[in-house]
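Student: Could you look at this predicted model? Sequence included:
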Amino acid sequence: MSSAGTPRSFDAPRPRRIPAFVEGVDDAGLALTRTITSPTLIVVVKDNCGGCSEFVANQAIIPVTVLLVTESADASQKYGALLAPAFIAAIDARFAPVYVLVAGEPLGVATEGTVFSAEQVLTEISPFL
């Protein structure tokens, strides 16, 4: 939370490469492999998360591809997220709910932060688009 009462992320992004593919199970139980292109916003959601619910409900304002992933079968069902714990570990996304904006060739982290709302995420990623 900023001093003005506006939620925002504080930590600087950690530079690292991101795999070009994600394997997981969708909310219908089907195993999927998806290609990640530049730019993509990866959002790691979790159970019982107000920021996750708000983000998912309003994600249409995000002007890039959004990929919702989770480590929880319940969150997969609730948010329509890809159940992909191995991918989340591979991208070193810590402490859901978090977002990682992926861009460039090879794919890497442009910026990352905590998810409070879709509008807040849009504000934080816009300088990197």
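Tutor: In hand now; what should we look at?

Student: Just the buried positions in stretch 92-101, please.
Tutor: Taking 16 or more other CB atoms under 10 Å as the basis for neighbour counts, the residues of stretch 92-101 that come out buried are 93, 96-101. Where C-beta positions appear, they are placed from N, C-alpha and C, glycine not excepted.

Student: Could I get the average pLDDT for it?
Tutor: The average pLDDT for stretch 92-101 rounds to 93.

Student: Okay, and the residue nearest the centre of the chain sits in which element?
Tutor: Nearest to the geometric centre of the chain sits V43, at 1.3 Å (CA atoms, centre = their mean). V43 is part of strand 40-45 when elements are defined by DSSP states H and E.

Student: can you check A57 too?
Tutor: helix 50-58.

Student: Follow the chain on from that helix and name the next helix or strand.
Tutor: For helix 50-58, the following helix or strand on the C-terminal side (DSSP H and E) is strand 65-70.

Student: coming back round to it: who does the strand holding V43 pair up with?
Tutor: Using DSSP bridges, the strands paired with strand 40-45 in its sheet are strand 65-70 (parallel), strand 98-103 (antiparallel).

Student: Need those strands in TSV (columns: distance to L129).
Tutor: What follows is the strands paired with strand 40-45, written out as TSV (distance: least, CB to CB, whole Å):
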stretch	distance to L129
strand 65-70	12
strand 98-103	8
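
Student: what sits against the residue nearest to C52 when sequence neighbours are not counted?
Tutor: Once flanking residues are discounted, C52 sits nearest to V45: 4.1 Å by CB to CB, 6 or more residues apart in numbering. If you count contacts by CB atoms under 8 Å, 6 or more residues apart in numbering, V45 has them with 52, 55-56, 68-70, 75, 79, 81, 96-97, 115.

Student: picking that back up, and the buried residues of stretch 92-101, which two are furthest apart?
Tutor: The distance between the two most remote of the buried residues of stretch 92-101 (CB to CB) is 15.8 Å, for A96 and L101.

Student: Assign a three-state SS to A93, would you?
Tutor: coil (DSSP: H, G, I helix; E, B strand; the rest coil).
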